[in-house]
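Peer 1: Here is a sequence with its predicted model. Questions after.
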Amino acid sequence: MASDTPQSALSASLTAVEANVIIAGVEAVTVCWVLYRANLDQCLIPDVAPEWHWSLAFYAIGGLLGIVIAGLALEGVAGLMESLITHPLWGRARKDPWKWYSNFTKIPDSSNSAKAQKWIWKSAQAYQDFSRRRLRILVARNTAMAIFLLTIGWLVVVPHSFWPVVLGFLAFALFVWLWLDAQKGWNVAVNRVNELGEP
């Protein structure tokens with residue numbers, strides 16, 4: 001947004017890795033680590049050499065790649081959860097969101113969405129504001145999914161554990177509410193661009 005000059009190949013490829021993917025990857029790896037620890041009662045720490053060796057760089061690159069892939073996987077599962085929560089599963093109306101979701105999040109009409117996109121393209125301030133709002137939506141949604149998977153996994157690995165499961169479902173409900181509230185904030189901001197006129 002700040003410059004019209006093309007990015008270098010390296011910086012352009014690095015900006016393709018979004019912050020929400022990295023955060024989701026760390027969450028997914030943490031869920032796997034906690035469930036592994038709870039199931040086998042041992043810590044999952046890679047065995048690395050105490051001194052520097054070139055293979056450590058290979059492990060670091062592999063770890064970063066693993067976090068990105070885990071983040072994309074968690075985002076995919078979270079997107080599926082979003083579809084299940086916000087849309088009917090079958091019938092002619094499955095393309096339309098549930099009425100409660102439309103009313104709560106104040107879904108904007110397509111003309112306001114198009115105008116908001118123009119503002120995002122042409123205004124650095126609008127780009128920053130909508131980027132912050134989008135990051136909040138995705139992080140809240142992905143965290144809700146990570147907590148849900150952790151809770152279900154904990155229920156399978158450690159049966160008859162009442163309070164951790166109850167706390168897990170309460171945390172899941174909290175982050176679902178945060179996600180819906182963040183989506184509502186995005187939609188309200190989109191609806192308000194109609195008052196600003198053309199960018």
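Peer 2: Yep, that arrived.
Peer 1: what's the distance between residue 128 and residue 169?
Peer 2: Here the distance between residue 128 and residue 169 works out to 35 Å (CB to CB, to the nearest Å). Quick note: C-beta positions are derived from backbone N, CA and C, even for glycine.
Peer 1: So for those two, which residue has more residues nearby?
Peer 2: residue 169 (15 against 12; other CB atoms under 10 Å).
Peer 1: Now the residue nearest to the more buried one when sequence neighbours are not counted: which helix or strand?
Peer 2: Spatial nearest neighbour of residue 169, chain neighbours left out: residue 151 (5.9 Å); criterion: CB to CB, 6 or more residues apart in numbering. Per DSSP states H and E, residue 151 falls inside helix 124-157.
Peer 1: which helices and strands sit right next to that helix?
Peer 2: Where contact means 3 or more CB pairs under 8 Å, 6 or more residues apart in numbering; DSSP states H and E, helix 124-157 is packed against helix 19-40, helix 54-86, helix 110-122, helix 162-192.
Peer 1: Quick one: mean pLDDT for that helix?
Peer 2: For helix 124-157, mean pLDDT is 93.
Peer 1: Which positions within that helix qualify as buried?
Peer 2: Residues of helix 124-157 classed as buried: 126, 130, 133-134, 136-151, 153-154 (neighbour count, 16 or more other CB atoms under 10 Å).
Peer 1: so how far is it off the chain centroid?
Peer 2: Relative to its parent chain, helix 124-157 has a centroid offset of 4 Å by CA atoms, centre = their mean, to the nearest Å.
Peer 1: Could you check how far the residue of the chain most remote from its centre is from residue 125?
Peer 2: Centroid-distance maximum for the chain: residue 51 at 36.4 Å, with CA atoms, centre = their mean. From residue 51 across to residue 125, the span is 50 Å (CB to CB).
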